[in-house]
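> Compute the structure for the input listed below.
(chains A, B, C and D)
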There are 2 protein chains.
Amino acid sequence: MTDNAKTPAAGTRERILDAFETLLSECGERAATLEAVAAAAGVSKGGLLYHFGTKDALIEGVLGRLETMVALDIAQIRSSEAGPVAHLIRTSAPTGNNLDRALVAVSRLAQASNSRARQALRSANDAWYQAVLETVGDPVLTRTIMLISDGLCYGSAFFPTEDPPRKGAQDAARPQSPDVEGIIALLETLTAIPYRP
Amino acid sequence: MTDNAKTPAAGTRERILDAFETLLSECGERAATLEAVAAAAGVSKGGLLYHFGTKDALIEGVLGRLETMVALDIAQIRSSEAGPVAHLIRTSAPTGNNLDRALVAVSRLAQASNSRARQALRSANDAWYQAVLETVGDPVLTRTIMLISDGLCYGSAFFPTEDPPRKGAQDAARPQSPDVEGIIALLETLTAIPYRP
DNA sequence: GTCTATACAATGATAGAC
DNA sequence: GTCTATCATTGTATAGAC
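From the prediction side, this is the model:
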């Protein structure tokens, strides 16, 4: 327990990066201003700028964290008992874990035309693609699985939380909360049948 | 040929909306400022503000156009010879058509926490979901198809154009330009086999 | 390490000339 | 209809006190 990311005693640096990622994910790139980040992290603008002298430095910070997390996830995915496909699909859904948040945050930057962010996303995607391809074998099927993963991860990011989170509403009418396990079962079926291009 | 969207003689209003959509899609929400839109549309800031008195009015403009196009697409999709699935997947790829651009533009606004934009995206998705479900029958498979469509549409929007569009590079190493027809063939196979949840 | 104060550019918007 | 000021506000960044 050297430096947990959420502990109050955690380093201010990490707290600032957390705040930046959260703002990016939940409110968009434009709303993630230095002032807003500082407020969310519980420091002043000046205090923030001591740790990250420039906004680009802040961005580099989240990019670096993402890279670390992706490398970790790739290692996990390869040794996953359930197999890469199930692992990938499960972790693509909005589970609210750290990788998810970082990924969505960086995707916001990518869509703001930040080429470093785009590069980072592409690298991550390439790594996952490779891991899945090694198991699945077929490129088209692999691509399809990656697209589902993308749709799960980014599509859900469009609708962070149902604006009115009315509970007990009729669930049958609209297709929310994609049935992740159902999709996995479907994909397992697919990888089993003889697919002929 | 009353008012084609690209004709120089086209209405200034449409030209402005085109410029706004393009900037939104290609440069992100933050870069789509009134000044930038005005410049791209070939008018001054004041000229722009004559047609759209406020930035919200501009946003309403693209939202309205999207709604129209989606309604049209839904009609097309239902009467498509190739079937809804093939039609949806084909038009989800970055074809550069008007619907695509509008959809990506609105998704940028949605990610900037614009609730009207989110609402519009959700409505569009619901409509497509219904159309596919009617043909496919199974909810999980339908959801899966929608996710692929999302991944195709938004995922490609992250990487507008390969930064260096080096032609003749080795295509085997990296998974670019998703094989749309291959994916469709795969999905046709899926809808044919007896899927058991 | 963290804060306040300040400089400077850019943004959304208004007023009024042509 | 379209343009050129002009203004208030906000965003990034710097300087220097504590």
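
> Using CSV, write out every CA atom in the helix ranked longest in chain A.
Across chain A, the longest stretch assigned as helix under DSSP state H is helix A:55-78. What follows is helix A:55-78 as a C-alpha-only set of coordinates in CSV (Å, rounded to 0.1, in the frame of the first residue of the first chain):
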residue,chain,number,x,y,z
LYS,A,55,-1.5,21.2,-20.1
ASP,A,56,0.5,19.0,-22.4
ALA,A,57,2.3,17.7,-19.4
LEU,A,58,-1.0,16.7,-17.9
ILE,A,59,-1.9,14.9,-21.1
GLU,A,60,1.4,13.1,-21.1
GLY,A,61,0.6,12.0,-17.6
VAL,A,62,-2.6,10.2,-18.6
LEU,A,63,-1.0,8.9,-21.7
GLY,A,64,1.8,7.4,-19.6
ARG,A,65,-0.6,5.8,-17.2
LEU,A,66,-2.7,4.3,-20.0
GLU,A,67,0.4,2.8,-21.5
THR,A,68,1.2,1.1,-18.3
MET,A,69,-2.3,-0.2,-17.8
VAL,A,70,-2.5,-1.5,-21.3
ALA,A,71,0.7,-3.4,-21.0
LEU,A,72,-0.6,-5.0,-17.8
ASP,A,73,-3.9,-5.9,-19.4
ILE,A,74,-2.2,-7.5,-22.3
ALA,A,75,-0.2,-9.7,-20.0
GLN,A,76,-3.4,-10.6,-18.1
ILE,A,77,-5.3,-11.3,-21.3
ARG,A,78,-2.8,-13.8,-22.5
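
> for the following helix or strand past it, what is the average pLDDT?
Next helix or strand after helix A:55-78 toward the C-terminus (DSSP states H and E): helix A:84-92. With pLDDT averaged residue by residue, helix A:84-92 scores 95.

> name the helices or strands packed onto the longest helix of chain A?
helix A:12-27, helix A:34-41, helix A:84-92, helix A:98-111, helix A:115-136 (3 or more C-beta pairs under 8 Å, 6 or more residues apart in numbering or on different chains; DSSP states H and E). Placement of C-beta: from N, CA and C, glycine included.

> Let's have those helices in JSON lines, adding mean neighbour count.
Formatted as JSON lines, the helices and strands packed on helix A:55-78 follow (neighbours: other C-beta atoms under 10 Å in any protein chain shown):
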{"stretch": "helix A:12-27", "mean neighbour count": "20"}
{"stretch": "helix A:34-41", "mean neighbour count": "18"}
{"stretch": "helix A:84-92", "mean neighbour count": "23"}
{"stretch": "helix A:98-111", "mean neighbour count": "24"}
{"stretch": "helix A:115-136", "mean neighbour count": "18"}
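
> Name the surrounding residues that touch the longest helix of chain A.
A:13, A:16-17, A:20-21, A:24, A:34, A:37, A:52, A:84, A:87-88, A:91, A:98-99, A:102-103, A:105-106, A:109, A:114, A:116-117, A:120, A:123-124, A:127-128, A:131 (C-beta atoms under 8 Å, 6 or more residues apart in numbering or on different chains).

> filter those by proximity to DNA strand D?
Among the contacts of helix A:55-78, proximity to DNA strand D is found for residue A:34 (C-beta under 7 Å from any atom of the strand).

> what comes up buried for stretch A:40-52?
A:40, A:41, A:43, A:48, A:49, A:51, A:52 (16 or more other C-beta atoms under 10 Å in any protein chain shown).

> Excluding chain neighbours, what is closest to the first one?
Read it as residue A:40. Spatial nearest neighbour of residue A:40, chain neighbours left out: residue A:19 (3.8 Å); criterion: C-beta to C-beta, 6 or more residues apart in numbering or on different chains.

> Distance of the one you found relative to residue A:29?
14 Å (C-beta to C-beta, to the nearest Å).

> which secondary element of chain A has the worst mean pLDDT?
Sorting the helices and strands of chain A by mean pLDDT, DSSP states H and E puts helix A:156-158 at the bottom, at a mean of 78.

> Centre of the chain to whichever helix or strand comes after it, how far?
For helix A:156-158, the following helix or strand on the C-terminal side (DSSP H and E) is helix A:180-192. Chain-centre distance of helix A:180-192: 22 Å, with C-alpha atoms, centre = their mean, to the nearest Å.

> can you count the residues close to the nearest residue in space to residue A:120 that is not next to it in sequence?
In this structure, residue A:120 finds its nearest non-sequential neighbour in residue A:63, 5.2 Å apart by C-beta to C-beta, 6+ apart. Close neighbours of residue A:63, defined as other C-beta atoms under 10 Å in any protein chain shown, add up to 19.

> Residue B:52 versus residue A:63, what's the distance?
Note on residue A:63: its distance to residue B:52, by C-beta to C-beta, is 36 Å.

> Residue A:187 now?
46 Å.

> what does residue A:24 give?
28 Å.

> try residue A:132
Distance from residue A:132 to residue B:52, by C-beta to C-beta: 45 Å.

> And the residue nearest to residue A:124 when sequence neighbours are not counted, what's its pLDDT?
What sits nearest to residue A:124 in space, not counting adjacent residues and going by C-beta to C-beta, 6+ apart, is residue A:70, at 4.6 Å. pLDDT recorded at residue A:70 is 97.
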